[in-house]
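the amino acid sequence is not available; the structure is as follows:
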């Protein structure tokens with residue numbers, strides 16, 4: 001597996017709010033992305049370790065989005081797919097169950113981030129059949145850090 005890069009960053013400050021492109025993300029272990037709708041300002045409850053959080057961070061491959069747009073003759077902006085990190089050059093599916101660095105943060109791939117019916121309603125009904133197993137990755141933040149466009153995504157060598 002080779003390393004990838006961070007192409008762009010997004011967050012939505014409230015549920016159902018439009019996503020906003022960011023110049024950097026502050027990610028905190030066990031809490032999520034500072035300013036994002038899923039951010040927890042308090043420490044996790046006992047019995048819910050940070051590694052079990054699946055909503056901390058979402059990633060999606062720019063090439064999958066470009067292929068989707070090209071296939072259907074669409075021009076849907078990458079941010080409209082509502083993932084936090086747009087990547088290039090790394091197989092996100094291969095990161096499930098693995099630790100990796102993105103920027104200065106250490107993350108763990110938890111599960112594939114499959115398209116949902118809400119995304120199908122707001123973006124395109126074609127996301128459900130076409131982006132299954134291609135809609136990105138949910139990751140837990142293991143060590144806090146900062147992520148910026150151009151940062152590398154590297155498998156953790158433990």
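Here it is on my side, so go on. These numbers come from a predicted model, not from an experiment.

ok, residue 33 to residue 105 distance?
Separation of residue 33 from residue 105 (CB to CB, to the nearest Å): 10 Å. For the C-beta atoms, the positions are set from N, CA and C on the backbone; glycine is no exception.

same deal with residue 113?
17 Å.

got it, and residue 89?
Distance from residue 89 to residue 105, by CB to CB: 18 Å.

okay, these two: which has more neighbours?
residue 105 (23 against 14; other CB atoms under 10 Å).

got a list of what that one touches?
27, 141, 142, 143, 144, 145, 146, 147 (CB atoms under 8 Å, 6 or more residues apart in numbering).

how about a cut-off of 7 Å?
Residue 105 sits next to 27, 141, 143, 144, 145, 147 when contact means CB atoms under 7 Å, 6 or more residues apart in numbering.

which of those sit farthest apart?
The distance between the two most remote of the contacts of residue 105 (CB to CB) is 12.1 Å, for 143 and 147.

phi, psi of the most centrally placed residue in the chain?
Centroid-nearest residue in the chain: residue 58, 1.8 Å away (criterion: CA atoms, centre = their mean). Here the main-chain torsion angles of residue 58 (degrees, to the nearest 10) amount to phi -120, psi 140.

where's it relative to residue 72, distance?
22 Å.

residue 85 too?
From residue 85 to residue 72 the distance is 23 Å (CB to CB).

looking at those two, which is more packed in?
Each of residue 85 and residue 72 has its neighbours counted (other CB under 10 Å); residue 85 has more, 30 against 13.

tell me which residues are up against stretch 18-32.
The contact list for stretch 18-32 (CB under 7 Å, 6+ apart) reads 8-12, 33-34, 38-40, 43-44, 50, 53, 55-57, 79, 82, 84, 105, 141-148.
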